[in-house]
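Chemist: fold the stuff below for me.
(chains A and B)
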Protein chains: 2
Amino acid sequence: MSLKEIGEFGLIKRITRGGLIRKSGVIKAIGDDAAVFRIDPGEVILATTDLLVERIHFLRDRISGRDLGHKSLAVNLSDIAAMGGTAREAFISIGIPDDCGIDYIEDFYDGMRVLAAEHEVNLLGGDTTGSKKDLIINLLVTGSAKEGEILYRRGAQPGDLIFSTGFLGDSRAGLYLIVNSIEYEDEKMQALVNAHNRPKAYLREGRFLAQQPGVHAAIDTSDGLTSDLGHIMEESGVGVRIHAEKIPISGNLYAFCSGYKFDPLSCAISGGEDYTLLCTVSPERADKVALDYRKRFKHPLYALGEITDTKRMEIIRADGRIETIRASGWDHFHQEE
Amino acid sequence: MSLKEIGEFGLIKRITRGGLIRKSGVIKAIGDDAAVFRIDPGEVILATTDLLVERIHFLRDRISGRDLGHKSLAVNLSDIAAMGGTAREAFISIGIPDDCGIDYIEDFYDGMRVLAAEHEVNLLGGDTTGSKKDLIINLLVTGSAKEGEILYRRGAQPGDLIFSTGFLGDSRAGLYLIVNSIEYEDEKMQALVNAHNRPKAYLREGRFLAQQPGVHAAIDTSDGLTSDLGHIMEESGVGVRIHAEKIPISGNLYAFCSGYKFDPLSCAISGGEDYTLLCTVSPERADKVALDYRKRFKHPLYALGEITDTKRMEIIRADGRIETIRASGWDHFHQEE
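Modeler: Numbering: from 1, shown residues only, chains lettered A, B, ... in the order given. Below is the predicted model of the structure:
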């Protein structure tokens, strides 16, 4: 069935079913000029938004509707997670080209709905429209947090240890497999593709970290390790030292790099789109936070460096050499150069 | 200067200046993973979003950056107005193709900023990215309202009078002049183009209406008079009767229609994008509301019909004939047919 046959309002009816996942506090969801909701008194509202454009952020023929739905929501949840918040409401705008079937769009919403249900996020509304060529997706997600329990980029202090909640570089390797249409049967390669197409949203982990004394700052790895740590550096007025041999690199990424002649460290440092959380923790509290985190979530917090007072970003190589590096990562206007 | 030269973060620095227009309640604006703000206790949050795609909603070579900025914000403010709310925070996502200069983007933000300042709306953040061909804009605007002072589409009651806060059809005529590259020196034609490119946001009017006893329902005219009244009909479970000769049509539209052989009534009924407010008011309160409105805003509320219990939409022609009409208007997936 085509979109022209069922029309805008027909599409809205199909895609909005089952979107009201957490009813409490929602006064009007979809079907008026605006959604109406309230949050608990004493909490502040967080809001983040991401625009995903076909041929820039994804290739429609290389990602399923479900995975695209998952990813579109996950990248926004990741921003709420990096603030230590609880995700609440999602608003989805979608621009649909003629050659995109309704099945794909319904799968897209299904993919969002599954992840939304996992984190009790409502799909509250949005806008649907046509597009000449590219599928266009914009999500805005609101969250809530107690004012004293928010993790800003600006809080890092010299001496803090820097942690990541997961492996870095997997998403970059997955992207390579996707863009080059590489066929694989290896589960390891599938895991890398999944890291790119179905990133985990570390919401529970972010909330946990925000509640621990000594956790000073956080950001998610969207542009790449050095680029994202660069934001913490700039906002906090500090420096960063990364230990090359401590950067968490998965066995899957090592396997990929040995097969396709890539440097695992480069993938991990500037790959981007891993959507792990990076946080900085005071040295006195770091051990306890890492231990409690591991007990709670059954996976480690990876220490990969520390905050310094130099205002430079440095990396210590395995042989002890210290290099100053430039915060670089994914810049959406430079990607084709 | 091109976007590739200054990069994403350079662009963000340029376009975010001066966006924090109302500081109260805003804890973190731009520059972290999410914006952080609070609203007054006892109020609920409204949220609305609109996606504007080049070649679907606008032609970049026919609208200035300033006007596009104005319009992108105005269409969202209009949704908050139609709920009777106070607009608060705006989040802007923008996908920029290579051939779009920075001047255009800066003008776009200037256009938004002027309208935002007029209504004390903060431009709080968003996402900037590239696009292969089309300029893509998504805005989400939040608002606030007292829970008892919200105008839903569902509140209309049989007997209510239907009002519009302004003329209908002007925007459609303006669109015709724009799309056909018609040159004009006539101020009347310029006014029609302005109606399309720089729609008024009836925020103060919407708030006023929401506070008047007897005002039962409201919507803004985005898709067209009959399509938008159709939403009120459906949500309220009522019928609508429109008096053809009462539909507010401007002298400018009459002049256009006589010159270009259009039917003013058709333009007004199904044109869309006028962004006036339509509201329904109990017959006992209608005169007082209309009088007080006129005193306050120095322009009339135009009565154009009434709510019935028929569940049909009817139009009474000037000669007394009653026709049943189908709610039709602008459907973004059908526009090329």
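
Chemist: what does the stretch 101-250 of chain A put close to chain B?
Modeler: Near chain B, the residues belonging to the stretch 101-250 of chain A are A:124-134, A:136, A:138, A:140, A:142-143, A:145, A:147, A:150, A:152-154, A:218-220, A:235 when assessed by Cβ under 8 Å from any Cβ of the partner chain. The way it works is simple: take the backbone N, C-alpha and C, and place the C-beta from them, glycine included.

Chemist: so of the residues you listed, which ones are in strands?
Modeler: A:124-131, A:136, A:138, A:140, A:142-143, A:145, A:218-220 (DSSP state E).

Chemist: touching, residue A:51 and residue B:130? I think so.
Modeler: No. Residue A:51 lies out of contact with residue B:130 (Cβ atoms under 8 Å); the separation is 10.0 Å.

Chemist: need the overlap of contacts for those two.
Modeler: Taking Cβ atoms under 8 Å, 6 or more residues apart in numbering or on different chains as the contact rule, residue A:51 and residue B:130 both touch residue B:95.

Chemist: burial measure for residue A:131, as a count.
Modeler: Applying other Cβ atoms under 10 Å in any protein chain shown, we find 23 residues neighbouring residue A:131.

Chemist: for the stretch 151-300 of chain A, what spans make up the helices?
Modeler: Under the criterion DSSP state H, counting those that start in this stretch, helices of the stretch 151-300 of chain A are mapped to A:170-179, A:187-197, A:203-211, A:225-236, A:251-260, A:264-270, A:283-297.

Chemist: adding distance to residue B:212, mean neighbour count and mean pLDDT, write those helices out as CSV.
Modeler: Formatted as CSV, the helices of the stretch 151-300 of chain A follow (distance: least, Cβ to Cβ, whole Å; neighbours: other Cβ atoms under 10 Å in any protein chain shown; pLDDT from 0 to 100):
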stretch, distance to residue B:212, mean neighbour count, mean pLDDT
helix A:170-179, 54, 22, 96
helix A:187-197, 52, 20, 97
helix A:203-211, 43, 21, 98
helix A:225-236, 47, 22, 94
helix A:251-260, 64, 17, 96
helix A:264-270, 59, 21, 94
helix A:283-297, 54, 14, 98
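
Chemist: need the ones you listed in TSV with distance to residue A:97, can you?
Modeler: Conversion of those to TSV gives the following (distance: least, Cβ to Cβ, whole Å):
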stretch	distance to residue A:97
helix A:170-179	20
helix A:187-197	21
helix A:203-211	32
helix A:225-236	31
helix A:251-260	33
helix A:264-270	32
helix A:283-297	40
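
Chemist: out of those, flag the one nearest residue B:224.
Modeler: Nearest of these to residue B:224, taken as Cβ to Cβ: helix A:187-197 at 39.9 Å.

Chemist: give me the contacts around the closest one.
Modeler: Counting by Cβ under 8 Å, 6+ apart, A:63-64, A:67-68, A:70-71, A:167, A:170-175, A:177-178, A:182, A:184, A:250-253, A:255-256, A:273-274 sit against helix A:187-197.

Chemist: residue A:294 against residue A:301, yeah?
Modeler: Yes. Counting by Cβ under 8 Å, residue A:294 touches residue A:301, with 6.8 Å between them.

Chemist: remind me which residues of the stretch 51-200 of chain A are low pLDDT?
Modeler: Of all residues in the stretch 51-200 of chain A, none has pLDDT under 70.

Chemist: if you set the cut-off to 90 instead, what comes out?
Modeler: Across the stretch 51-200 of chain A, the ranges flagged by pLDDT under 90 are A:102, A:124-128, A:147-148, A:185.

Chemist: please report phi then psi for the nearest residue to residue A:100 once chain neighbours are set aside.
Modeler: Using Cβ to Cβ, 6 or more residues apart in numbering or on different chains and skipping the chain neighbours, the partner closest in space to residue A:100 is residue A:135 (5.6 Å). Dihedral angles of residue A:135 (phi, psi; degrees, to the nearest 10) stand at phi -70, psi 130.

Chemist: can you check residue A:58 too?
Modeler: Per degrees, to the nearest 10, the backbone of residue A:58 is at phi -160, psi 160.

Chemist: what distance do you get for it to chain B?
Modeler: 12 Å (Cβ to the nearest Cβ, to the nearest Å).

Chemist: thinking that residue is in contact with residue A:69, fair?
Modeler: No. Using Cβ under 8 Å, residue A:58 is not in contact with residue A:69, being 11.3 Å away.
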